[in-house]
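Novice: From the sequence below, what's the structure:
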Amino acid sequence: MLRQILKTVTRAFGVATAGLRPPPDFLIIGAKRGGTTSFYYDLLAHHQVVRLFPPPVPGLKADPTKGIHYFDSNYPRGRRWYRSYLPTSAARRLTERRKGAPAVAGEASPYYLFHPMAAERAHEEVPGAKIIVLLRDPVLRTYSHWKERRRSGAEELDFAAALAAEPDRLRGECERLAADAAYNSYAWEQQSYATQSEYAAPLAAWVNRFGRDQVLVLASEDYYADPVTVLRRADEFLGLPPREASTGKVRNAAAGDELDPDLRTMLEDRFREPNRALVRLIGHDLPWT
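Specialist: Prediction:
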């Protein structure tokens with residue numbers, strides 16, 4: 001009860017003060033099951049990255065808010081609702097005075113990459129935001145996405161059957177999302193196991209609107225292998241001084257059975273051309289391309 005009261009009061013305060021809350025400096029747009037949670041909280045460890053509102057409250061809210069999901073699922077709530085989550089100009093100035101350098105703020109909503117309207121909506125409202133994308137080997141991302149649904153009891157089909165059912169489950173959903181801002185599609189967000197791993201087409205929507213210089217594409221494999229180096233690339237992209245360390249904390253990792261070799265081969269074949277298109281789009285290879 002206390003947690004719900006706190007949530008209601010803080011959101012009302014945030015909405016009332018929305019005019020004092022500048023737009024985000026950056027958006028981490030995906031990919032789902034690509035390491036965005038670990039990466040975002042690592043990014044927050046930089047002393048010039050300001051947390052979203054409200055900050056953690058001991059006993060009530062353990063972690064900082066990560067994603068607002070405004071440009072995908074919550075768009076009808078409106079701009080003031082979105083700004084209610086962002087830190088105020090005063091909070092940014094306080095950080096800048098303490099640290100002697102510019103402060104930045106942003107959010108990480110990994111469904112943004114795949115939602116068909118998110119890039120257009122984001123560019124209309126926050127055209128100056130810098131876009132960060134963390135991509136994972138599409139074969140492993142696909143399998144991890146299914147494992148997450150299966151583990152939570154939300155997916156009754158085995159992996160092969162779920163892949164086979166995907167086209168029917170997704171049929172017409174993209175068009176419905178584009179036609180109705182209030183429409184949310186569980187299938188498009190949560191049962192698009194392989195389709196969501198074909199990165200080139202959805203990423204092109206962001207690159208075409210924001211420009212290649214405003215979009216940073218990183219590989220989750222590089223991040224987990226050498227987090228400080230990858231985080232420093234993000235620091236440079238955001239105009240921050242380079243950090244010295246990573247938190248070293250991996251979040252949302254999940255064990256499971258090994259992927260069936262035949263299914264792996266089938267997915268590798270499926271993703272071969274989308275991976276080539278991705279390389280053409282971003283202009284460089286990733287560890288799995």
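Novice: So which residues of the stretch 1-150 of the chain form helices?
Specialist: 2-16, 36-44, 79-83, 89-99, 118-125, 138-151 (DSSP state H, counting those that start in this stretch).
Novice: in the shortest one, what counts as buried?
Specialist: When neighbours are counted by 16 or more other Cβ atoms under 10 Å, the buried residues of helix 79-83 are found to be Trp81, Tyr82, Arg83. Every residue, glycine included, has its C-beta placed from N, CA and C.
Novice: The first one now?
Specialist: Residues of helix 2-16 classed as buried under the neighbour-count rule (16+ other Cβ under 10 Å) are Thr10, Gly14, Val15.
Novice: elements contacting it?
Specialist: helix 79-83 (3 or more Cβ pairs under 8 Å, 6 or more residues apart in numbering; DSSP states H and E).
Novice: Scan this protein for its longest helix.
Specialist: Longest helix in the chain, counting residues (DSSP state H): helix 261-282.
Novice: Show me what that one is packed up against.
Specialist: Contact here means 3+ Cβ pairs under 8 Å, 6+ apart; on that basis helix 261-282 packs against helix 138-151, helix 159-170, helix 200-210.
Novice: residues contacting Val126?
Specialist: Taking Cβ atoms under 8 Å, 6 or more residues apart in numbering, we find Val126 in contact with Pro23, Pro24, Leu27.
Novice: Just among these, which is most surrounded?
Specialist: Leu27 (27 neighbours; other Cβ atoms under 10 Å).
Novice: contacting residues around that one?
Specialist: Here Leu27 is in contact with Phe71, Gly106, Glu107, Ala108, Ser109, Tyr112, Ala122, Val126, Ala129, Lys130, Ile131, Ile132 (Cβ under 8 Å, 6+ apart).
Novice: Next step: these restricted to strands.
Specialist: Judged by DSSP state E, strands contain the following of those: Gly106, Glu107, Ala108, Lys130, Ile131, Ile132.
Novice: how about stretch 51-64: buried residues?
Specialist: Residues Arg51, Leu52, Phe53, Pro54 are the ones in stretch 51-64 that count as buried (16+ other Cβ under 10 Å).
Novice: wait, the first one sits on Lys66?
Specialist: No - using Cβ atoms under 8 Å, Arg51 makes no contact with Lys66, being 10.0 Å away.
Novice: Can you list the low-confidence ranges for the stretch 101-250 of the chain?
Specialist: The stretch 101-250 of the chain contains no residues with pLDDT under 70.
Novice: Tell me which residues of stretch 37-45 come out buried.
Specialist: Using 16+ other Cβ under 10 Å as the burial criterion, the residues of stretch 37-45 that qualify are Thr37, Ser38, Phe39, Tyr40, Tyr41, Asp42, Leu43, Leu44.
Novice: closest to Arg98 among the contacts of Val126?
Specialist: Pro24 (20.7 Å; Cβ to Cβ).
Novice: related to what we said a few turns ago, if we only consider the buried residues of stretch 37-45, which is nearest to His145?
Specialist: Using Cβ to Cβ, Thr37 comes nearest to His145 of the buried residues of stretch 37-45, at 13.9 Å.
Novice: Find me whatever residue is spatially closest to the closest one, sequence neighbours aside.
Specialist: Arg251 (4.5 Å; Cβ to Cβ, 6 or more residues apart in numbering).
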